Structure formats: structure tokens, C-alpha cells
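1. I need the structure of the sequence given here:
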Amino acid sequence: MAVLEDVPGIKVTVRINGVDCVEYDDPEAREEEPAQPTSSKYIESPNDAEFTIMVTVDDNYKWGYKNHVLSFNTLVDSNRIQCPIIREGHTLACGTKTRCIEGKEIFDNETGAWSIHGLKFSAMKIIDGATKERIEKDRVVSDKLGLIEVDVQRCIELGAYTKPFGKSLLELEKTSLELSEKALKGKSVSHGTGFSASKPNRAPNFVSTERLSEDSGPIAVFQFKYRSRKALQQELVIPSTPPPQSPTFDKLSEAERDRLARERYEQINEEKHIKKEKMPIIKREFGGTLDLTGDDDKLDRLPKARRVSEVINLTDE
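-> Reported below is the predicted structural model:
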């Protein structure tokens with residue numbers, strides 16, 4: 001759960017299947033000092049996983065100033081999803097108030113009914129051969145993808161919001177997740193946010209608010225950059241998966257040990273057999289000279305001895 005020391009008592013988290021996502025520190029978060037206290041985290045985005053955003057205020061937050069309320073303007077890929085508020089009165093009973101942002105609430109002008117479209121991580125599709133205009137357009141889109149942002153503001157509540165509703169989901173569906181490869185060059189964005197099928201929803205209560213004039217902007221900003229596991233590894237946010245290690249000999253089963261011993265025994269016997277076959281057979285000729293260098297051309301043979309006949313004079317003359 002993301003928290004800020006400068007603004008205690010306010011927490012924001014992203015959940016999948018009711019479980020808080022594991023948050024990883026953003027390596028680039030401290031390179032530039034933000035104008036407002038900002039928490040920047042990475043989370044993993046499994047394909048087609050639906051998610052919710054939880055905002056919480058506990059008794060560590062300092063209320064009281066001008067009887068203000070807190071608004072949580074929630075953006076996903078730069079699209080406004082919801083902006084729930086939490087009042088001080090919400091926290092008086094148990095000290096903590098949590099609001100769950102499940103998706104985009106839609107009003108149907110024809111039926112007069114409300115519905116909600118859940119949020120889900122959707123993998124991007126990369127295409128080749130795009131035109132120059134398409135590449136530039138996709139670059140603008142890709143800059144907005146992969147980011148969940150919650151801006152917390154101190155506001156004065158002005159009263160009920162009574163203007164007619166007519167916003168449709170069609171505007172959000174225009175964000176295509178088919179992007180050109182060149183537009184994504186140098187970027188690790190792997191997912192965008194899609195919407196699940198609509199479900200009936202009760203009519204929400206809207207109020208008009210006005211930010212405190214003393215504040216130049218949000219008092220806190222919570223950012224969650226969502227990526228696939230592979231993209232998180234490429235950005236060195238999490239370590240790469242090490243290759244599986246071979247089990248040690250002591251951890252092998254008895255059958256495995258017998259198999260290895262048998263294979264080694266057969267290998268040794270085979271090596272002995274091959275070595276025996278390669279041993280040279282040397283024949284020696286009586287009275288000859290043996291050359292062990294194998295160079296027959298340079299073999300110097302000794303000449304055969306000749307028997308010399310000599311006549312001996314045995315007379316005294």
C-alpha cells in the first residue's frame with residue numbers, strides 16, 4: 001500500500017482478485033523533485049486481470065481546516081474514471097474510511113439507467129508497416145498508457161451536482177491498444193487498460209466541490225506504473241528469473257542414482273574397449289633397425305655386412 005510521509009493518513013493501493021498488488025520502487029522516482037508529494041511504484045499487470053483501486057483515510061490524517069473534504073481524482077491512462085470524496089465524518093465511527101473504485105460509471109440517456117464497466121489490464125498488439133502519421137499518433141497514445149494516477153485534493157463541498165449526464169464509454173474505447181512498433185521504440189509499456197462488460201449499477205450521488213484557494217494543486221499524488229513481468233525485468237525493477245538448478249547427488253532418488261552409476265560404468269567399459277582397439281601392433285625383423293617415429297621416408301637403414309675373402313700366405317717366403 002502506497003503511503004507518503006509528508007501526508008500521513010492517506011493510503012492508495014491497487015488490488016487484483018481482492019489482494020493488494022506487490023509494489024516495487026520506481027528507480028527513476030527521485031531523479032526530479034516533484035511539485036507535490038508523490039509516490040511512484042511499479043506493479044505487475046497480468047493479461048486480462050481485472051483490478052480495483054482502493055483509497056483509504058485513517059485517523060492519522062489532520063482534518064478540521066475549513067471543514068474540507070478530500071477528493072480522489074482517479075485517472076487510468078489519462079482517462080478520468082471516478083472522483084470519490086471522503087469526509088471527516090466518514091472516519092469518526094472506526095477511525096478509517098476506504099472507498100473502492102471498481103470501474104467507469106456510465107449513464108444511459110435512452111434507458112435512464114446506470115451501469116459500471118470494470119477495469120482490466122489488456123496486452124498491447126504491435127503492428128508493422130505504419131505510416132508516418134500513424135506512428136506520430138501512436139507515440140502520443142503510448143505516452144499515456146501504463147499509468148494509474150490518483151490525485152488527492154483538499155476541497156470545499158458546495159452541494160449536490162444536478163447537471164444532466166450524457167457521457168458515454170465510447171470516448172474511452174477510442175484508445176486503441178494496437179500500436180506501431182516504431183512508436184514504442186525505447187519504451188517498456190506492455191499493457192493498457194480495457195473495460196469489461198457492463199453491469200447494472202445504482203445511481204451514484206454527485207456533489208460539486210472547489211479546491212482550497214491556498215493549495216496550488218493536489219496535496220498528494222499516487223502513481224502506479226503497470227507492466228508485464230518481462231517488462232519489469234527489462235527495466236531492472238525486478239531481477240531476472242534464474243535458470244532452474246540441477247539437483248545435487250544427495251537429493252536424487254535411489255533409482256536416479258542407480259541409473260547414473262550404470263551409465264557411468266558402461267561409459268568406462270566402452271572407453272577401455274576403444275582404447276584397446278587403437279593400440280598399435282608392432283612387428284620386428286631380426287637384424288633390422290626399428291623406427292618409432294612413424295616417418296618411413298626418413299628411416300636410415302644400416303648397410304648389410306659383407307663377407308670379405310682374403311688369401312693368406314703360409315710359406316716362409
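
2. can you give me the helices in the stretch 51-200 of the chain?
-> Here the stretch 51-200 of the chain has its helices, by DSSP state H, counting those that start in this stretch, at 88-92, 132-142, 170-173.

3. pull out the buried residues from the first one.
-> Translated: helix 88-92. 90-91 (16 or more other CB atoms under 10 Å). For glycine as for every other residue, the C-beta is placed from the backbone atoms N, C-alpha and C.

4. residues touching that helix, excluding its own?
-> 57-59, 61, 63-64, 67, 69, 97 (CB atoms under 8 Å, 6 or more residues apart in numbering).

5. compare these and tell me which is most surrounded.
-> Val57 (23 neighbours; other CB atoms under 10 Å).

6. make sure that residue is actually in contact with Val12.
-> No - contact criterion CB atoms under 8 Å: Val57 and Val12 do not qualify, at 10.3 Å.

7. which residue sits closest to Pro8, ignoring its sequence neighbours?
-> Nearest residue to Pro8 in three dimensions, chain neighbours excluded: Asn60, at 4.4 Å (CB to CB, 6 or more residues apart in numbering).

8. tally of neighbours for the one you found?
-> Asn60: 13 surrounding residues under other CB under 10 Å.

9. tell me the contacts of Glu149?
-> By CB under 8 Å, 6+ apart, Glu149 lies in contact with 74-76, 221-224.

10. try Ala160
-> 205-208.

11. switch those residues over to JSON lines; also include pLDDT and neighbour count.
-> Shown next, in JSON lines, are those (pLDDT from 0 to 100; neighbours: other CB atoms under 10 Å):
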{"residue": "Asn205", "pLDDT": "88", "neighbour count": "8"}
{"residue": "Phe206", "pLDDT": "88", "neighbour count": "14"}
{"residue": "Val207", "pLDDT": "90", "neighbour count": "14"}
{"residue": "Ser208", "pLDDT": "91", "neighbour count": "13"}
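
12. now, which of those residues lie within helices?
-> Among those, no residue falls in helices (DSSP state H).

13. nearest to Lys132 among these?
-> Ranked by distance to Lys132 (CB to CB), these are led by Phe206 at 43.2 Å.

14. can you tell me how far the closest one is from Gln153?
-> Distance, Phe206 to Gln153, by CB to CB, to the nearest Å: 16 Å.

15. over to Val57?
-> Distance, Val57 to Gln153, by CB to CB: 13 Å.

16. who touches both of these two?
-> By CB under 8 Å, 6+ apart, Val57 and Gln153 have these common neighbours: Leu70.

17. CSV please, covering the helices of the stretch 51-200 of the chain and showing mean pLDDT and distance to Glu271.
-> Output for these, formatted as CSV (pLDDT from 0 to 100; distance: least, CB to CB, whole Å):
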stretch, mean pLDDT, distance to Glu271
helix 88-92, 90, 80
helix 132-142, 87, 60
helix 170-173, 47, 70
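
18. tabulate these in TSV, adding columns for distance to Met1.
-> What follows is the helices of the stretch 51-200 of the chain, written out as TSV (distance: least, CB to CB, whole Å):
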stretch	distance to Met1
helix 88-92	17
helix 132-142	29
helix 170-173	27
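
19. which among the ones you listed is found nearest to Gly118?
-> Across those, Gly118 has its closest neighbour in helix 170-173 (12.5 Å, CB to CB).

20. Asp258 in helix, strand or coil?
-> Judged by DSSP: H, G, I helix; E, B strand; the rest coil, the three-state class of Asp258 is helix.

21. same question for the one 10 residues further on.
-> Local secondary structure at Ile268 is given as helix here, using three-state DSSP.

22. for the contacts of helix 88-92, which one is nearest Asp128?
-> Asp128 has its nearest neighbour among the contacts of helix 88-92 in Val57, at 48.0 Å by CB to CB.

23. skip the chain neighbours and tell me the closest residue to the closest one.
-> In space, Val57 is closest to Ile86, 4.9 Å off (CB to CB, 6+ apart).

24. quickly list what that neighbour is bridged to.
-> Residues in a beta bridge with Ile86, per DSSP bridges, are Leu70.

25. now for it: which residues touch it?
-> Applying CB under 8 Å, 6+ apart, the residues near Ile86 are 55, 57, 69-70, 72, 97, 99.

26. redo those as CSV? Include pLDDT and distance to Lys125.
-> Shown next, in CSV, are those (pLDDT from 0 to 100; distance: CB to CB, whole Å):
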residue, pLDDT, distance to Lys125
Val55, 98, 32
Val57, 97, 39
Val69, 96, 41
Leu70, 97, 38
Phe72, 98, 32
Lys97, 95, 40
Arg99, 96, 34
